[in-house]
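S.K.: Here is my input, please return the structure:
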Amino acid sequence: MQRTEAMILAETMDFTRKLSLSYFDRLKDKDLHNSFECGGIKLNSAFWVMAHLAVTENFLLLHATGGEMIRFSWAKLFGLGSTVPDKKDCPPIEEVLEKLNAIHERSMEHIRKLRDSDLDKPNPTFIKFKDAPDTLRMIIQHAIRHEGTHAGHLGWLCKLHSIKTI
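M.R.: The predicted structure is shown next:
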């Protein structure tokens, strides 16, 4: 079977997710809710990053591309523009990871099935990109970029916890 552009985009997203999970795996024995401060700015915790990745992949790779989203009660706590909730208001990390994995599996299955012509369809979200085509392709590319950015955040959190990353 010939690999389609959608298959390659899904493969790239999956490859990037593996980096996020690799860094998170190194952090799992630390206080996942620890929020370091740098220059007077509180950084997001590893817990927040993982919950946020579940929420945003659900939105970007399922909702925005016509897939079936997975519903869960804590999604609004970790969406775009949310403030970091108190630890007592957070779901257990096991639930976050279960949703993260279920959403990722469904997203990859859905994206792989898209045709090249589907990638040219208009972006149905409020997210707009400067000087870029407003298509599903761009939403998927943004999801990959978004994941990579937060993988980098997890890498910095490893360093701040004195965990070697290489």
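S.K.: List the buried residues of the top helix by length along the chain.
M.R.: If you go by DSSP state H, the chain has its longest helix at helix 136-160. Neighbour counts over helix 136-160 (16 or more other C-beta atoms under 10 Å) mark 136-144, 146-148, 150-151, 153-155, 157-158 as buried. In short, each C-beta sits where N, CA and C put it, glycine included.
S.K.: pretty sure residue 78 contacts residue 47?
M.R.: No. Counting by C-beta atoms under 8 Å, residue 78 stays clear of residue 47, with 9.3 Å between them.
S.K.: Now do the helices in the protein.
M.R.: 5-27, 46-57, 93-113, 116-119, 136-160.
S.K.: mind giving me CSV with the ones you listed and columns for mean pLDDT and distance to residue 70?
M.R.: Listed next are the helices of the chain as CSV, based on pLDDT from 0 to 100; distance: least, C-beta to C-beta, whole Å:
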stretch, mean pLDDT, distance to residue 70
helix 5-27, 98, 16
helix 46-57, 97, 9
helix 93-113, 98, 5
helix 116-119, 95, 21
helix 136-160, 97, 15
